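In: need a structure here:
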Amino acid sequence: MEALVPLIVAVTGLVTLVSQELSEFALHARAILGLPVPVIRQNGPSASCALLAHGHGVPVFSNVDAALQVADTALRLFGKPSVEGHRRVGVTLARAEGIDAARAIARDAAEAIGIELRVD
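Out: Model prediction:
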């Protein structure tokens, strides 16, 4: 009988979705399958910012469109069914001319998103 090993993804590694050609997910898949890892090209200075929810309930997001108005930004919502206390529910990603600018853009995008926790 084979054991299933869950893949735990660190939010800090999610920056690879915007910062390079092969994300952490692609690299994990290659490692699991025993495939070679080619030269990884960097896409430029990039940053991520976690979306945190505090409280109890089902997360509902607002103002997502405004958060993504800046070029080279992206959003990943984790699809968490509920929050009990504190939980990461998503991440914003940004690429810019410099790392400080990328951090600021990712942080501004995260701060623009509203997170309401609805109790069923």
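
In: which residues of this protein fall in strands?
Out: According to DSSP state E, the chain carries its strands in the segments 46-62, 73-77, 83-95, 114-118.

In: contacts only, for Val58.
Out: Listed by C-beta atoms under 8 Å, 6 or more residues apart in numbering, the contact set of Val58 reads Pro81, Ser82, Val83, Leu117, Arg118, Val119, Asp120. All C-beta spots, glycine's among them, are computed from the backbone N, C-alpha and C.

In: okay, the strands of the chain in TSV with mean pLDDT and distance to Ser23 next?
Out: Converted to TSV, the strands of the chain look like this (pLDDT from 0 to 100; distance: least, C-beta to C-beta, whole Å):
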stretch	mean pLDDT	distance to Ser23
strand 46-62	95	11
strand 73-77	94	11
strand 83-95	94	10
strand 114-118	96	24
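
In: mind putting these into JSON lines with distance to Ala101?
Out: Listed next are the strands of the chain as JSON lines, based on distance: least, C-beta to C-beta, whole Å:
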{"stretch": "strand 46-62", "distance to Ala101": "9"}
{"stretch": "strand 73-77", "distance to Ala101": "12"}
{"stretch": "strand 83-95", "distance to Ala101": "8"}
{"stretch": "strand 114-118", "distance to Ala101": "24"}
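
In: so which of the ones you listed is nearest Phe25?
Out: strand 73-77 (11.1 Å; C-beta to C-beta).

In: which other helices and strands does that closest one contact?
Out: helix 16-19, helix 64-67, strand 83-95, helix 99-112 (3 or more C-beta pairs under 8 Å, 6 or more residues apart in numbering; DSSP states H and E).

In: what's the angle from that strand to helix 99-112?
Out: Strand 73-77 runs at 50 degrees relative to helix 99-112, counting by axes from the mean of the first three to the mean of the last three C-alpha atoms, to 10 degrees.

In: list the contacts of strand 73-77.
Out: Residues contacting strand 73-77 (C-beta under 8 Å, 6+ apart): 14, 17-18, 51, 61, 64, 67-68, 89-94, 105-106, 109, 113.
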